[in-house]
Structures are given as C-alpha cells and as structure tokens.
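J.: Next input, structure requested:
(one chain, ligands or ions: 1)
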Amino acid sequence: MAQLEQIAAPGSEWWRSAVIYQIYPRSFADASGDGIGDLPGITSRLDSLKDLGIDAIWLSPFMTSPQHDAGYDVADYRDVDPLFGTLADFDEMLAQAHARGIRVIVDLVPNHSSDQHPWFQEALKAGPGSPERARYVFRDGRGKNGELPPNNWESVFGGGMWERVVEADGTPGQWYLHIFDATQPDFDWTNEEVKEEFRSILRFWLDRGVDGFRVDVAHGMVKEAGLPDYAPVADADSMGGNDEDVPYWGQDGVHDIYRDWHQLLAEYDGDRALCGEAWLPTLKQTALWVRPDEMHQTFNFPYLMTAWDAKALGDVIRESLDEFGKVGAPSTWVLSNHDTVRHTTRLAATRLPHGEGIGPKTPNKPAPEISLARGRAATTLMLALPGSAYLYQGEELGLPEAMEIPDEFRQDPTWFRTEGKRYGRDGCRVPLPWEADAPAFGFNDTGLSWLPQPAEWAEYARDAESSDPTSTLALYKELLAARREHGFGNGSLIWEDAGKDAVAFRRGDVHVVANLGTKPLPLPAGATVILKSQPFDGDALPVDTAVWYTTA
Ligand code: GLC
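T.: The predicted structure is shown next:
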C-alpha cells in the first residue's frame, strides 16, 4: 500500500477528499466478447483511469446473480458471477488497481438477496413460522383467506411490494416483502443470523483487500414495526420518496447496523470506508448516516437532484457543507450514476420522477448542445468543491443519455413492472465507446453489446477525445489534475457574489464561477482564466459555462 499513502494528504483519511469513479462492470469493457463487460476488461483498461487522474473506483455488483436487476440481486455474496469472471480475476484486478495507486470499493447489497439465494430457497421450503422464513419478511395476507397483501406498500419498480408464495403442499400461502423486484426479497434486519452473515461477508471482501463498500439501499434495511399502510406521493422525485416519514425508508434502526460495521472496518488497516446509498429527501436526514461512528460517506442525492438554477444550486451546496460539517463528515458530490439520467442530458431536461428515464416517445427531449455545455459546467463547479466527488463511467467523455433505445432491448425491471410507462434506467447503462472505428466502439472485439450503442457515439470515443484538447475528456483530466494540485478536496470555500444567475466562490487564490443565467457574465478586470468548461473568447463568461480564474 506504499503508493496509496501518497494520495491522501498527511493526517487525513483518503475518503475525505477522494475522487471515486463508478464502474458499471457490465458496460465498462468486455474482454470475453460476449457483449457484457467483465473483470478482465476492467483490468485491461486501468491505465486509462490512472491517466484520467481518479483516486478510487467503485464497482457495481459482479457477484453471482441471475441478473434480474443487473446484479443487484445477489445469489452468492462470496463469489463472482461467471458473466464477469472469477474470484482470481477479481484478485488480479484489485492488485493491478492498487499497483497503480487506485483504491477499490465494492458494492454490498444487504437490503435484499436474489430469490435464488440458498436462504430464500430454504425459506420457501421450510414454511410459515420457521427460522428459515424469519431471515426474510414473510407475513400472512389480509382478507378472508389471506388473499390480500399484508399492507398497501408499492414497489419502487412499480406494482405491489408483496409476492404470495405457494406452500410446499401446493396451496397459496404467505407473502414476502420486496421493495424492488419480486426476485429481490428483503432480509429481516432484526434477525441475528442476517446480521452475522453480513459481518462475515464484509470480512470476506476486507480480507481480500478491498478499501471499502458502497452500501446499496442503506436507507431501507429496517422497516417500521407493524408495517403500517403508506401510500407514496405519486411521481416521487427520488428513491427515498418526497416525504420525510416513510415506513420503509430512513428508520432509526439502520444506524445500529452501521455502528456495528464501522467497528468491524476499524479492525482493518488502511482507512477502509463505508459509503451509503441513502436516498432521503433532506440533507439534515442524510447527514445522520455519517455521524462519527457510522458510515464514512454518504451520497449527496439532494445535490444530484438539484435543477440547473443558480439559487437552488448555491443553496444545496451551502446546506451540504453545513449539515455534513455539523457531524464532522466530508460532503460528497455526485451528478450521475447508473440509476439516474446522465447529467449531461438531465440538466437540460424538465423534472424527471425517479426511474422514469427518457425514451423514444418522451416529448421535448433536451437538446444535446445545451446538455453538454451544462454538464461540463456543472462538473467544473463540482470538482472545485471541498469533499469527495463521485464520477460515473462515461461522464468523462460527455456521454449523453441514450434516448432512443428500442423497446425490445430494454432490461430494467422498472420498464416491465410499469408495463412500459417508465423507461427506467437503461439509457445511462449503455456500454462505453473506447475506439471510434472498432466493433462495439472498442467495448470488445466482437461487436456485441447488451444494449445497443448509438451510432453517433463514435465522436465520444475515448481515442477520438484523447487527441482533442477541447474534448470533455481533456477537460476532466485538467480538472482532476488542477483539483489535486490545489488540494481542493480538503479545506473550505469562501462565497462570492457574482449576481443572481451565478454560483461563485473562492478557494484560496482561485475564483470559481458558473453562469446559469441567460446572458454572458462579465469577468472581473485582470482575471486570468486557468480552466474553462468550454472554449470562449473575450472577458465575459458565456451562459452554461464555468471557469476557474485568478486575479493579479
Ligand atoms: C440501488 C441500486 C439500483 C438497484 C436497487 C435495488 O438503488 O443502485 O441499481 O436497482 O438498489 O438493489
């Protein structure tokens, strides 16, 4: 780990300031050529990530899974799905990443397993009242013969949150809870065996040398006692809903689990970290996940969900620094991930309820030029903020959302469970373009791709962008190098006033300003621009543009 120690500033844990790059393994690089990315593919492309200048990678799940929710339905938490390779491939990838000074975080999915997990299969066989069923949330149904679900909760992916089972004797039986797809039964986190099993899973990956975990659905693991009825606000903006008081999100009981895990991680060297995927409607609530004895980081989803509006953006940054600061945690920043419309498209779109996505029939699709300009400006601002930042694979190429995926290729369970009413998340999951002139744009050498790549993605291919100093890739490299040089991951900022249409602050000698208005914004006399989100001439900052500058 000698090389890794140089990354963090002395005396501070690496995760406080790290830039962490999310790899979605099925769409990153495909060494086997079957159309689905894999671990050897990741290993083969690590040099390009080193070159980009990130500190760590987070891998979405690659564990054994029937892939009903792209691997977020785990059947064996201690093995690699053959689609992605083997445990030996994982060890090799980890060693190669560490050799390049890149830390590795893996995804842990503790809210639910796959219905193919041996425990769930045992639960089905063992019947009502058994210890096997007690590991999941089985309940008798309501109605005369138990024919109605135990409550009225609705799955995040659409439809009800309960599935009825057929008992061993062939009769309709109990119901089990699934916040997501029916193939993803929720664990009962009041059950000691579940707790013990996950401690052991954490140790399995920590012993292999991972630097931490991104914890899936970290706000959903504990449900309100008695499972009271609750009807969500229609068209919730996020996976945490719009209400602060949802009986399956953000329950107090989750915090004891994280305190337990915090201590377990602390037994290991190297500042291993937990990052929570906790979708909660307010920053005040979100900050509870990162109190000093709980998780180390949590995703800043209120920031991700903020529209391209100067007041809203300034407010959410202020509140983030304030709320996370109160509990002594770094703020995190994130604009894109595998569950949301890519920010290069989203920031020019109208409101998008969670999981809605954009598809061929969506009216008024965002114009690509505006989207890219906003996306680049948003990142230019984000990478100047103190704290840790998450990037999602492909955003360094400026990839837009793939908005024309034909229906027959769709794979997101949201699409199926809403009978096509919501396109879901496939549009941000399309395999990456590496080479403009190669089959599948260099994703593999066979030309296969589990989701079709838009033809115009040739212009976003990494090799094409590598030789273009004005490309989004060139901008990301500049930003990451300058962020490191100036130590912007640590420290604090000073707000500046650049008018109501701008977000502006100072980091030491460097002024950062983004123009979210409709008119060019004059820069101060004597400003020397050191970095700009897109090329421009003259001394006024164009709309949808951000700069870093110094003054004499
Ligand atoms: C998280 C994942 C998402 C998945 C869901 C269920 O939100 O990010 O992709 O569908 O959990 O596991």
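J.: what number of residues lie near E163?
T.: 18 (other C-beta atoms under 10 Å). No exception for glycine: its C-beta is placed from N, CA and C like everyone else's.
J.: pLDDT score assigned to the nearest residue to D34 once chain neighbours are set aside?
T.: Closest residue to D34 in three dimensions, ignoring its sequence neighbours and counting by C-beta to C-beta, 6 or more residues apart in numbering: L448, at 6.4 Å. For L448, the pLDDT comes out at 98.
J.: Got phi/psi on L448?
T.: phi -80, psi 150 (degrees, to the nearest 10).
J.: What of I57?
T.: Residue torsions, per degrees, to the nearest 10, at I57 are phi -120, psi 150.
J.: Domains in this protein, by residue range?
T.: Using automatic domain parsing, the domains assigned to the chain come out as 9-110+192-472, 118-177, 496-551.
J.: quick one, which of those domains is packed in tightest?
T.: domain 9-110+192-472 (a mean of 20; mean count of other C-beta atoms under 10 Å).
J.: quick one, what contacts the residue nearest to D34?
T.: D30, G33, D34, G35, A440 (C-beta atoms under 8 Å, 6 or more residues apart in numbering).
J.: Now flag whichever of those residues is closest to S492.
T.: Nearest to S492 out of the contacts of L448 is D30 (C-beta to C-beta; 42.8 Å).
J.: Report pLDDT for the spatially closest residue to that closest one that is not a sequence neighbour.
T.: Once flanking residues are discounted, D30 sits nearest to N444: 3.7 Å by C-beta to C-beta, 6+ apart. Looking at N444, its pLDDT reads 98.
J.: got it, and L148?
T.: Confidence score, pLDDT, at L148: 98.
J.: ok, the closest residue to it other than its chain neighbours - contacts?
T.: Excluding its sequence neighbours, the residue lying closest to L148 (C-beta to C-beta, 6+ apart) is R142, at 4.2 Å. R142 sits next to L148, P149, P150, N151 when contact means C-beta under 8 Å, 6+ apart.
J.: Tell me the one among those nearest to G159.
T.: Once C-beta to C-beta is applied, the member of those that ends up nearest G159 is P149, at 10.6 Å.
J.: can you pull the contacts of the closest one?
T.: G141, R142, G160, M161, W162, R164, W175.
J.: Let's see that with 6 Å instead.
T.: Contacts for P149 (C-beta atoms under 6 Å, 6 or more residues apart in numbering) come out as G160, W162, W175.
J.: does the second one really touch Q174, like I thought?
T.: No - the pair formed by W162 and Q174 falls short of the contact definition of C-beta atoms under 6 Å, at 9.5 Å.
J.: just the helices in the stretch 201-350 of the chain please.
T.: 254-266, 283-286, 301-304, 310-326, 343-346 (DSSP state H, counting those that start in this stretch).
J.: Serialize those helices to JSON lines and add fields for distance to the ligand and mean pLDDT.
T.: Formatted as JSON lines, these follow (distance: least, C-beta to the nearest ligand atom, whole Å; pLDDT from 0 to 100):
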{"stretch": "helix 254-266", "distance to the ligand": "15", "mean pLDDT": "98"}
{"stretch": "helix 283-286", "distance to the ligand": "15", "mean pLDDT": "97"}
{"stretch": "helix 301-304", "distance to the ligand": "10", "mean pLDDT": "97"}
{"stretch": "helix 310-326", "distance to the ligand": "20", "mean pLDDT": "98"}
{"stretch": "helix 343-346", "distance to the ligand": "16", "mean pLDDT": "96"}
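J.: Just put these in TSV and tack on distance to Y476.
T.: Converted to TSV, the helices of the stretch 201-350 of the chain look like this (distance: least, C-beta to C-beta, whole Å):
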stretch	distance to Y476
helix 254-266	30
helix 283-286	26
helix 301-304	18
helix 310-326	20
helix 343-346	12
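J.: Out of these, which is closest to A389?
T.: helix 301-304 (10.3 Å).
J.: Quick one: list the elements packing against the closest one.
T.: Helix 301-304 sits against helix 310-326, with contacts defined as 3 or more C-beta pairs under 6 Å, 6 or more residues apart in numbering; DSSP states H and E.
J.: residue ranges with poor pLDDT in the stretch 151-300 of the chain?
T.: For the stretch 151-300 of the chain, not a single residue meets the criterion pLDDT under 70.
J.: Near the ligand, which residues of the stretch 1-150 of the chain? Just list them.
T.: D69, Y72, V109 (C-beta under 6 Å from any ligand atom).
J.: CSV for the residues you listed, including pLDDT and secondary structure?
T.: Shown next, in CSV, are these (pLDDT from 0 to 100; DSSP: H, G, I helix; E, B strand; the rest coil):
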residue, pLDDT, secondary structure
D69, 98, coil
Y72, 98, coil
V109, 98, coil
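J.: Let me know the closest of those to S238.
T.: Y72 (16.9 Å).
J.: ok, E404 touching P360?
T.: Yes - counting by C-beta under 6 Å, E404 touches P360, with 5.4 Å between them.
J.: ok, which stretches of the stretch 451-552 of the chain are strands?
T.: Secondary structure of the stretch 451-552 of the chain (DSSP state E, counting those that start in this stretch): strands at 494-495, 502-507, 510-515, 521-522, 527-532, 540-541, 545-551.
J.: For the ligand, what's the nearest residue on this protein?
T.: Per C-beta to the nearest ligand atom, Y72 is where the chain lies closest to the ligand, at 3.3 Å.
J.: Tell me the backbone dihedrals of that residue, please.
T.: phi -80, psi 20.
J.: Same question for E122.
T.: The phi/psi pair for E122 (degrees, to the nearest 10) is phi -60, psi -40.
J.: quick one, what contacts it?
T.: The neighbours of E122, taking C-beta under 6 Å, 6+ apart as the test, are E132.
J.: pLDDT at it, what is it?
T.: Value for E122, per-residue pLDDT: 98.
J.: repeat for the one 4 residues further on
T.: In this model, A126 is scored at 97, pLDDT.
J.: wait, isn't it in contact with R135?
T.: No - between A126 and R135 there is no contact under C-beta under 6 Å: 10.0 Å.
J.: next one: phi and psi at the closest residue to K223 other than its chain neighbours?
T.: Nearest non-adjacent residue to K223, counting by C-beta to C-beta, 6+ apart: Y248, 4.9 Å away. Torsion angles at Y248 (phi, psi; degrees, to the nearest 10) stand at phi -120, psi 0.
J.: Could you verify my assumption that Y248 touches V222?
T.: No - using C-beta under 6 Å, Y248 is not in contact with V222; the gap is 8.5 Å.
J.: thought I20 was touching A56?
T.: Yes - using C-beta under 6 Å, I20 makes contact with A56 at a distance of 4.5 Å.
J.: Could you report the distance from the residue nearest to D30 to W434?
T.: N444 is 9 Å from W434, where distance means C-beta to C-beta, to the nearest Å.
J.: can you map out the helices along the stretch 401-550 of the chain?
T.: Using DSSP H, counting those that start in this stretch, helices in the stretch 401-550 of the chain cover 413-417, 462-466, 472-486.
J.: What of the stretch 1-150 of the chain?
T.: 2-5, 39-44, 46-52, 87-99, 118-126.
J.: Just send the ones you listed back as TSV, with distance to L288 too.
T.: Shown next, in TSV, are the helices of the stretch 1-150 of the chain (distance: least, C-beta to C-beta, whole Å):
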stretch	distance to L288
helix 2-5	30
helix 39-44	34
helix 46-52	32
helix 87-99	32
helix 118-126	30
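J.: Give me the nearest residue to L473, chain neighbours excluded.
T.: In space, and not counting its chain neighbours, L473 is closest to E465: 3.8 Å by C-beta to C-beta, 6+ apart.
J.: I figured the one you found hits L475, correct?
T.: No - counting by C-beta under 6 Å, L475 is not a contact partner of E465; they are 9.6 Å apart.
J.: pLDDT on stretch 472-488, on average?
T.: Rounded mean pLDDT across stretch 472-488 is 98.
J.: Report the buried residues of it.
T.: Using 16 or more other C-beta atoms under 10 Å as the test for burial, stretch 472-488 gives T472, L473, L475, Y476, K477, E478, L479, L480, A482, R483, H486, F488.
J.: Backbone dihedrals for the last one, both of them.
T.: When quoted as degrees, to the nearest 10, the phi and psi of F488 stand at phi -70, psi -20.
J.: Fine by me, we can end here.
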